[in-house]
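K.L.:
Structure here, sequence nowhere to be found:
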């Protein structure tokens, strides 16, 4: 029965599956991961139900789940009214008001003189009635008080002229000032004061004061449009009243009477009656889509091989989910204990180191949503993730992840302390947060170590850790090689050391090269004695069979090695090296023997070549060159620097000219560097020895049977070190 990971994997690779269509399964996967990201990030936007009413006594403490800043509408409205009231109104001066008032004075006194000249009017009341009639015409409709009318009616022609002049003087004096509507009462009072100072009779004073008070009008007119414009401008420059509720702040204490302001704050947080903040959810959705779009754009532009690999895309999405989940879980305890860097480490180890750097920034931005955009936890997440990526980019031994955890812990502590000092946090709080950051670094390494085997197996990813396990001499397949083909095992170890040294110099993966070299001749286990490095003293079995059959036996170790790799489930990168380390090279020794026979002209060269393919990577090419150079130099009778150099250059040149290196991305400069490294290493491995002097040989012959001197032991070791079997696939 298939496991769940295999079922999921097969769902997207079976030809008849709907989800196997490229566009369809990309859309399905994108929507699935988007939904999962939204669920993890939006949990704080959907709050618990709080059904308190204004004036009700709270039965519990209501605590803000996050920091929020909102506009207080009541206080903002009050502030708007204050701003409007503080704006000075705009007025326009109207000079025609004074002219109209003076004209009205002239018309009134003209009517009064007409009444005074009419001798038929005997009583004062008759003259008042006549004066009212004259002043009631539409062109001169001035409502004068009775005291003013009576005063005018009792004045003669001479007195009317004096009173008219006094009235005009008072009006002119008052109209020289700016008079607004609200200033009319003050102006009328001032007219009374001015009239009293003229030393007039009672009738004259009543006429002057009454007429002037009736005719005085505002000459400073309110400009409504300009005033509204000023108020709107003042409101536009006004900032609304904002209230800020901090995360963890107690908004309503148990036993307190709930106020309208507290209900408003709970509504803004989405706490009131379990509300959902739709605007925040919408903004979060856009933000998540932006991050996903940027990630896909980066993959498409800079790492297309990952972008077009569905397995890697699913793995990347799963890593993001894991990182967000552990960050969210830790957030409820402390933002500084969150091991967010686990996502960057898994990405760098399982997919690509450069992608791990981009992933560090993307994850820190999403983590910022969880921590309410607090800069300090986001900075810690970025620094820890980048340090982790740098640390695992070159892994050479099994303890690298442990060291990575220590480095992340140290950098977390420094980042927390430095940002805490910048924000002037209390020293005790900085220390506590720093310890939490150290725990985060250690937890990151532990979680990464725990998840790696499962992700490697589920997604069939070859990591340096898996390769390091394969390099262990206790691996069952290497144990078989050691027991069944010890010469090949020794040769493979030397090839591994040789190729790994060169890999460091040309930018190839040294771990892949070393492990690939260990297993490159694993197929010789099936017929070990047909290869010279495993033959003991005696006859060579190839001497008794035809060259064509010998070629078939020798070249079959590639196929046998492939089958063994399949049986032991070795990674594809190792299988490729096993298949490609001979390319399509000619088995020259047996081909030459075959052409020397009597039917040599019928021999086809292609029958004496390996099936290939040629090396496709730098790592496979390095194993090919190291294998050939080590075997050839080992076969030299008296190796010295010049002969070793000539042999190495010859081996590299032959494979280059034969087209074996056409499909890998090795340059001529790389080949020259590889040759220099091979010459240096092989010269130290196969240097000439000096022979023992006769006296020393005689001393060794006479040595006691029950012990050895220090010099004798050293000599014996030197002799043993010269014993070396011939390497390569030379079976003759």
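P.N.:
Here it is on my side, so go on. Bear in mind that the values here come from a model prediction, so they are computed numbers and not experimental data.
K.L.:
The helix or strand hosting residue 590 packs against which elements?
P.N.:
Residue 590 is part of helix 588-595, with elements assigned from DSSP states H and E. Contacts defined by 3 or more CB pairs under 8 Å, 6 or more residues apart in numbering; DSSP states H and E place helix 588-595 against helix 547-567. Yep, even glycine has a C-beta here, placed from its N, CA and C like the rest.
K.L.:
right, and the helix or strand after the helix it packs on?
P.N.:
Next in sequence after helix 547-567, counting helices and strands by DSSP H and E, comes helix 572-580.
K.L.:
From the chain's centroid, how far away is that following helix?
P.N.:
Relative to its parent chain, helix 572-580 has a centroid offset of 36 Å by CA atoms, centre = their mean, to the nearest Å.
K.L.:
Run through who's touching that helix.
P.N.:
460, 462, 467, 470, 512, 515-517, 519-520, 522-523, 558, 561-562, 565-566, 612-617, 619-620, 623-624 (CB atoms under 8 Å, 6 or more residues apart in numbering).
K.L.:
for this protein, where's the lowest mean pLDDT among helices and strands?
P.N.:
Lowest on mean pLDDT, DSSP states H and E among the helices and strands of the chain sits helix 710-721, with a mean of 32.
K.L.:
what angle do the helix or strand containing residue 633 and helix 572-580 make?
P.N.:
Residue 633 is part of helix 618-634 when elements are defined by DSSP H and E. Helix 618-634 runs at 40 degrees relative to helix 572-580, counting by axes from the mean of the first three to the mean of the last three CA atoms, to 10 degrees.
K.L.:
which is the next helix or strand following helix 618-634?
P.N.:
helix 641-657.
K.L.:
what about that next one, average pLDDT?
P.N.:
On average, the pLDDT along helix 641-657 is 93.
K.L.:
With stretch 190-202 instead?
P.N.:
81.
K.L.:
so where's the stretch 201-350 of the chain shaky on pLDDT?
P.N.:
Regions of the stretch 201-350 of the chain meeting the criterion pLDDT under 70 cover residues 268-277.
K.L.:
Can you report how many residues lie near the closest residue to residue 95 other than its chain neighbours?
P.N.:
Spatial nearest neighbour of residue 95, chain neighbours left out: residue 219 (7.3 Å); criterion: CB to CB, 6 or more residues apart in numbering. Look at residue 219: counted by other CB atoms under 10 Å, it has 23 neighbours.
K.L.:
any idea how far the host helix or strand of residue 404 is from the chain center?
P.N.:
Assigned by DSSP H and E, residue 404 belongs to helix 400-422. The chain centroid and the centroid of helix 400-422 are separated by 19 Å under CA atoms, centre = their mean.
K.L.:
after it, next one along is what?
P.N.:
helix 427-459.
K.L.:
Would you mind getting the angle between that following helix and helix 400-422?
P.N.:
Using the same axes, to 10 degrees: helix 427-459 against helix 400-422 is 150 degrees.
K.L.:
Can you tell me the closest non-neighbouring residue to residue 389?
P.N.:
residue 356 (4.0 Å).
K.L.:
you'd agree that neighbour is up against residue 341?
P.N.:
No: counting by CB atoms under 8 Å, residue 356 sits too far from residue 341 to count as a contact (9.9 Å).
K.L.:
wait, what's in contact with residue 610?
P.N.:
555, 558, 582-585, 587.
K.L.:
Does residue 330 touch residue 341 like I think?
P.N.:
No: using CB under 8 Å, residue 330 makes no contact with residue 341, being 11.8 Å away.
K.L.:
Mind listing the shared neighbours of the two?
P.N.:
With CB under 8 Å, 6+ apart, residue 330 and residue 341 have common neighbours residue 440.
K.L.:
ok, these two, which is more surrounded?
P.N.:
The neighbour comparison of residue 330 against residue 341 (other CB under 10 Å) goes to residue 341, with 37 against 20.
K.L.:
got the contact list for the closest residue to residue 334 other than its chain neighbours?
P.N.:
Using CB to CB, 6+ apart and skipping residues adjacent in sequence, the residue nearest residue 334 is residue 436, 5.1 Å away. Contact analysis of residue 436 by CB under 8 Å, 6+ apart lists 334, 336-337, 416.
K.L.:
which of the residues you listed are buried?
P.N.:
Among the contacts of residue 436, the ones that count as buried by 16 or more other CB atoms under 10 Å are 336-337, 416.
K.L.:
so can I have CSV of the residues you listed showing distance to residue 289?
P.N.:
Listed next are the buried ones among the contacts of residue 436 as CSV, based on distance: CB to CB, whole Å:
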residue, distance to residue 289
336, 29
337, 29
416, 31
